[in-house]
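**Q** fold the following for me, if possible:
(chains A and B)
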Amino acid sequence: MKPFADLLERLLYTQGRNAKIVVLADYFATRPNPERGFALAAIAGKLDFPGAKPAILRALVATRTDPELFALSYDYVGDLAEAIALIWPKAATEAPPELPDVVATLRTTPRDAIPALIATWLDTSDVSTRIALIKLITGGLRVGASLRLAKLALAQRFEVDVDHIEEIWYGLEPPYQPLFDWLEGHIARPAPGTAPVFRPPMLAHPIGDSDRAGLDWSNYRAEWKWDGIRVQLVATPSGKRLYSRSADDISATFPEIIAAMDFAAVLDGELLVIRDGIIAPFADLQQRLNRKTVTAKRRADYPVGVRLYDMLFDGAEDLRALPFDTRRARLDSWFATTQPARMDLSPQIPFHTEADLAALRDAARDEGIEGLMLKSRTSLYLAGRPKGHWWKWKRDPLSLDCVLMYAQRGHGKRSSFYSDYTFGVWTGEGKLVPIGKAYSGYTDAELLILDKWIRTHTVATYGPVREVEQGIVLEIGFDAAQRSTRHKSGIALRFPRILRLRSDKPAAEADTLATAARLIGAERSSPMDQMSPTDQMKMSQ
Amino acid sequence: MAPHPETWLQPRPEGLYCIPGGFFIDATRAVDRAIITHGHADHARSGHQHVLASAETLAIMRARLGEGRAGVTQQALAPGEMLRIGAVDVSLVPAGHVLGSCQVVMSYQGSRAVVSGDYKRHTDPTCAAFVPVACDVFVTEATFGLPVFRHPATGKEIAKLLHSMAIFPDRPHLIGAYGLGKSQRMIALLRAVGYDAPIYLHGALAKLCDLYVELGVPLGDIRSATVADKSSLRGAVVIAPPSAVADRWARRLEDPVVAVASGWMRVRQRAKASGVELPLIISDHADWDELLKTAEDVQAPEIWVTHGNEAALIYQLGKLGRRGRALSLIGYGEDADDT
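**A** Presented below is the predicted three-dimensional model:
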């Protein structure tokens, strides 16, 4: 348990994906089976126990410590598990239980014997092990790394393709002995079978001016780039899953999509909140994301659907090695016969010249559209971001001139720079109200200027945050402005980034909240959205 | 009957004042006569007329404050040596906090008070260990006066650092550590486990590290990080004051693992808020167990607490049958880096 607790502690503090992968890889390489398998299960969220209530722990700590001292300590520390772990009487000899023993014992111990069991473990453990134990038992264990990151760490450490791990993942159960046996070369790779596994999606490159100049437009198909989240629907005889682009299993978050997957296929599409055929702003979709469970009310308020782009498997038949036009034709005919609920097809946009598309793209200001997608008619479905097959041509960003209000240091390479900025616009009363945060878009030279200015113009500090004088105007670009009740300004910006430093502009001349409010997309639909699927079908022929 | 120390040792705005001796201890503003427990800025202020301290503390004061600002006249008192000042017998006894740190032992008409300054009981290769002296009143700090603060053995923390250096062999490890005491202790702890590569220092640490070496604390191969070229800092240990870790100074390091060595690193949210990637719980102050053990060792019926988290400590002392009293002296522990 101690090495696992140390891993959790290290992940808590480690910044950045690559550093976390290093920490995880070191753990998996140095720990034995089945411990590392259970650690992997914890990261996968598969180590669930009938949770002991925090009340049990409070009662337990009261038997071992002075209530007055505990109250003072809890007040100072703020986190119950940590306060208990820290104040618990020091171990005479440290001999913390091993993770596999903890898992096995918890599964077989009756509920009323749990408090005594916890006490015994706490008595022989160090602080970080105690925290991990308490969080594990009360169901509050958070690992500062995603499952995908753990798989990447395994792939890196054992020199296999991460997709090969993904393909067999859902056929495996904790503590994943066959996985580690295969990774270490003792056995052949377990068969993926018909498990509903994730397939790496094909991604597009942003198109630049020079790319467009060299393009043979007649070889490309155009579609709208819908502003939701890219998903993969996997339905096989042995199960149904909805995956995000980064391979996270989000099935539980969108049960209505799973319910609608009454077929055997692997599909690529965009998850959107759609009301009466009209795409809602991304902010609505955010109301559904990152939830482990979802209430009926939320499902009704934010109804979701999938707009389909592509087809990877039809039944057991792998279509990925077929050209795009062929796959699309298969998707269209499959859709016509299957008629799945909560799904429609992303229509293809007829065009002849680049100018046709440029005009469409410039006119597209609907909330549901981020821009255009261009796909080569002959492109195979290739994993990753192969160049020259698919392009994304995002519409130009909206922009506002905002005043820098707060700055915070970045992480890793930017840890000594004030590189994270909160900016605001003027209210009618002449006050600044924060409207967003940006961490990117500036040049290295601009970052140096901003950092220096922030250090010499700080008016207050709040922990790591500096409040600065109202003296710097930033031109902020963003993809859309949306109404939001969660932001003080009432407006949320999508993908805000710094376009440039407006050193020419006095702060007083920055934009106002009223101006920003006018940029909130009118909630109308594009002509495409109002077409019936059949119309769309016709268009895509 | 011996007079109670509260009749002859009093908290005043300048600090604790010994009436029959006519001197202050660790006065926070310039006074005529001051005894200084140790060289940290909040205890050793400049501008006193006459300063009495250990020879090491006097040397540290001269190095930090400059010749002439560390007392118009300076008098060194060796540990264990007795000196009569006015009607009081004074001696200095090691406090184990930093090099030269001492407790001030005062005996007056058969009653004895000990002012410990800052102290710790954990072993420290860079300074003499704390010596408990039986007394009627023991004056203590309470920086870590909560039962959540129990510092782990330094060996565990150094092992954590070495493990990180092993898995990130190319990244420099930048350790934020207070300039006087903690920095040198970190170096000595690394040397003690056989780490003999060069250790690179922020400019502000050079003078004090050189002084430690001069005073007989070996630190091995120490070099300036400021003049070192970037490539030689790859995978190296670099030590800087905590304030410099977040400062522009740190930019010379490529993708450093930022560590901070401090007792405050015990509480996760506090450590996380400071942006540290590798918290090292290494403190030069007594933790909860040490505070209570020391009260027991000196057998003082009365404990005065100068500064820190005194509420919990006084409560617990009361339960153990000792009277605790909060002096709430202003001006100590403000330099929160020194932990």
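**Q** what residues does the stretch 351-500 of chain A put near chain B?
**A** A:409, A:411-413, A:415-417, A:451, A:455, A:463-464 (CB under 8 Å from any CB of the partner chain). For the C-beta atoms, the positions are set from N, CA and C on the backbone; glycine is no exception.
**Q** look up phi and psi at A:Leu233.
**A** Phi and psi for A:Leu233, reported as degrees, to the nearest 10, are phi -100, psi 120.
**Q** and the closest residue to it other than its chain neighbours, bridged to which residues?
**A** In space, and not counting its chain neighbours, A:Leu233 is closest to A:Leu267: 4.4 Å by CB to CB, 6 or more residues apart in numbering or on different chains. On the basis of DSSP bridges, A:Leu267 is bridged to A:Leu233, A:Met311.
**Q** in the stretch 201-339 of chain B, which spans are strands?
**A** Here the stretch 201-339 of chain B has its strands, by DSSP state E, counting those that start in this stretch, at B:222-224, B:237-240, B:257-261, B:278-280, B:302-308, B:323-326.
**Q** who wins for proximity to B:Gly179 among these?
**A** Minimum separation from B:Gly179 across the strands of the stretch 201-339 of chain B (CB to CB) falls at strand B:237-240, 9.0 Å.
**Q** restrict the closest one to CA atoms and write it as PDB.
**A** Provided in PDB are the C-alpha atoms of strand B:237-240 (Å, rounded to 0.1, in the frame of the first residue of the first chain):
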ATOM      1  CA  VAL B 237      20.700  19.700  -7.600                       C
ATOM      2  CA  VAL B 238      20.300  23.500  -7.400                       C
ATOM      3  CA  ILE B 239      19.400  25.300  -4.100                       C
ATOM      4  CA  ALA B 240      17.800  28.700  -3.900                       C
END
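**Q** and the helix or strand hosting A:Trp224, what other elements does it pack with?
**A** Element membership for A:Trp224 (DSSP states H and E) is strand A:220-226. Here strand A:220-226 touches helix A:324-338, strand A:369-376, strand A:390-394, going by 3 or more CB pairs under 8 Å, 6 or more residues apart in numbering or on different chains; DSSP states H and E.
**Q** tell me the contacts of the residue of the stretch 201-350 of chain A found nearest chain B?
**A** Among the residues of the stretch 201-350 of chain A, A:Asn290 lies nearest to chain B; the distance is 20.9 Å by CB to the nearest CB. Going by CB atoms under 8 Å, 6 or more residues apart in numbering or on different chains, A:Asn290 touches A:Thr253.
**Q** that one: what secondary structure?
**A** Of the three states, A:Asn290 takes coil according to DSSP: H, G, I helix; E, B strand; the rest coil.
**Q** pretty sure B:Leu174 contacts B:Val258?
**A** Yes - using CB atoms under 8 Å, B:Leu174 is in contact with B:Val258, at 5.4 Å.
**Q** now do the shared contacts for those two.
**A** B:245, B:250.
**Q** tell me which stretches of the stretch 51-200 of chain B form strands.
**A** Counting by DSSP E, counting those that start in this stretch, the strands of the stretch 51-200 of chain B are B:73-76, B:82-85, B:88-94, B:102-108, B:111-115, B:137-142, B:173-176, B:199-201.
**Q** so for A:Gly208, which of these sits nearest?
**A** Of those, nearest to A:Gly208 by CB to CB is strand B:173-176, at 38.5 Å.
**Q** list the strands paired with that closest one, with their directions.
**A** strand B:237-240 (parallel), strand B:257-261 (parallel).
**Q** name the residue of the stretch 401-541 of chain A that lies nearest to chain B.
**A** Nearest to chain B in the stretch 401-541 of chain A, going by CB to the nearest CB, is A:Ser416, at a distance of 4.3 Å.
**Q** quick one, what contacts that residue?
**A** A:409, B:246-251.
**Q** please apply the same query to B:Ile25.
**A** Shown in contact with B:Ile25 (CB under 8 Å, 6+ apart): B:15-18, B:34-37, B:104, B:115, B:117.
**Q** returning to what we had before: from A:Gly144, how far off is the residue of the stretch 201-350 of chain A closest to chain B?
**A** 16 Å (CB to CB, to the nearest Å).
**Q** what about the helices in chain B?
**A** B:55-65, B:154-167, B:182-192, B:203-214, B:242-245, B:268-273, B:288-298, B:310-319 (DSSP state H).
**Q** can you pull out the strands in the stretch 151-300 of chain A?
**A** A:205-206, A:220-226, A:229-236, A:239-244, A:265-275, A:278-279.
**Q** got TSV for the ones you listed, with mean neighbour count and distance to A:Glu354 too?
**A** Below are these laid out as TSV (neighbours: other CB atoms under 10 Å in any protein chain shown; distance: least, CB to CB, whole Å):
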stretch	mean neighbour count	distance to A:Glu354
strand A:205-206	12	16
strand A:220-226	21	10
strand A:229-236	22	25
strand A:239-244	20	33
strand A:265-275	22	24
strand A:278-279	22	26
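**Q** who wins for proximity to B:Gln10 among those?
**A** The nearest among the strands of the stretch 151-300 of chain A, by CB to CB, is strand A:239-244 at 68.3 Å.
**Q** what helices or strands is that closest one leaning on?
**A** So strand A:239-244, by 3+ CB pairs under 8 Å, 6+ apart, packs with strand A:229-236, helix A:255-260.
**Q** in chain B, which residue sits nearest chain A?
**A** B:Val148 (3.8 Å).
**Q** identify the residues contacting the closest residue to that residue other than its chain neighbours.
**A** Counting by CB to CB, 6+ apart, B:Val148 lies nearest to A:Leu86, which is 3.8 Å off, once chain neighbours are set aside. By CB under 8 Å, 6+ apart, the contact list for A:Leu86 reads A:73, A:77, A:127, B:147-150, B:266-267.
**Q** related to what we said a few turns ago, give me the distance between the strand holding A:Trp224 and the centre of its chain.
**A** 24 Å (CA atoms, centre = their mean, to the nearest Å).
**Q** who's in contact with the residue lying closest to A:Phe158 once chain neighbours are set aside?
**A** Spatial nearest neighbour of A:Phe158, chain neighbours left out: A:Leu183 (4.0 Å); criterion: CB to CB, 6+ apart. Residues near A:Leu183 by CB under 8 Å, 6+ apart: A:154, A:158, A:160.
**Q** filter these down to just the buried residues.
**A** Buried by 16 or more other CB atoms under 10 Å in any protein chain shown: A:154, A:158, out of those.
**Q** format the contacts of A:Leu183 as CSV; extra columns: pLDDT.
**A** Below are the contacts of A:Leu183 laid out as CSV (pLDDT from 0 to 100):
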residue, pLDDT
A:Leu154, 97
A:Phe158, 96
A:Val160, 95
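**Q** which regions of the stretch 401-541 of chain A lie under the pLDDT threshold?
**A** By pLDDT under 70, the low-scoring segments of the stretch 401-541 of chain A are A:412-413, A:521-541.
**Q** quick one: low-confidence residue ranges for the chain.
**A** I went with chain A, as the question did not name one. Ranges of chain A meeting pLDDT under 70: A:51, A:365, A:367, A:412-413, A:521-541.
**Q** actually, chain B is the one I wanted.
**A** In chain B, residues with pLDDT under 70: B:333-339.
**Q** which residue would you name as the spatial centre of it?
**A** B:His97 (4.2 Å; CA atoms, centre = their mean).
**Q** can you tell me the closest non-neighbouring residue to it?
**A** That would be B:Asp118: by CB to CB, 6+ apart, it lies 4.5 Å from B:His97.
**Q** same check, this time on B:Ala153
**A** Excluding its sequence neighbours, the residue lying closest to B:Ala153 (CB to CB, 6+ apart) is B:His122, at 7.9 Å.
**Q** what's the spacing between the one you found and A:Tyr309?
**A** Distance of B:His122 to A:Tyr309, computed by CB to CB: 62 Å.
**Q** what about the two, which has more around it?
**A** Set side by side, B:His122 and A:Tyr309 show more neighbours around A:Tyr309, with 23 against 19, by other CB atoms under 10 Å in any protein chain shown.
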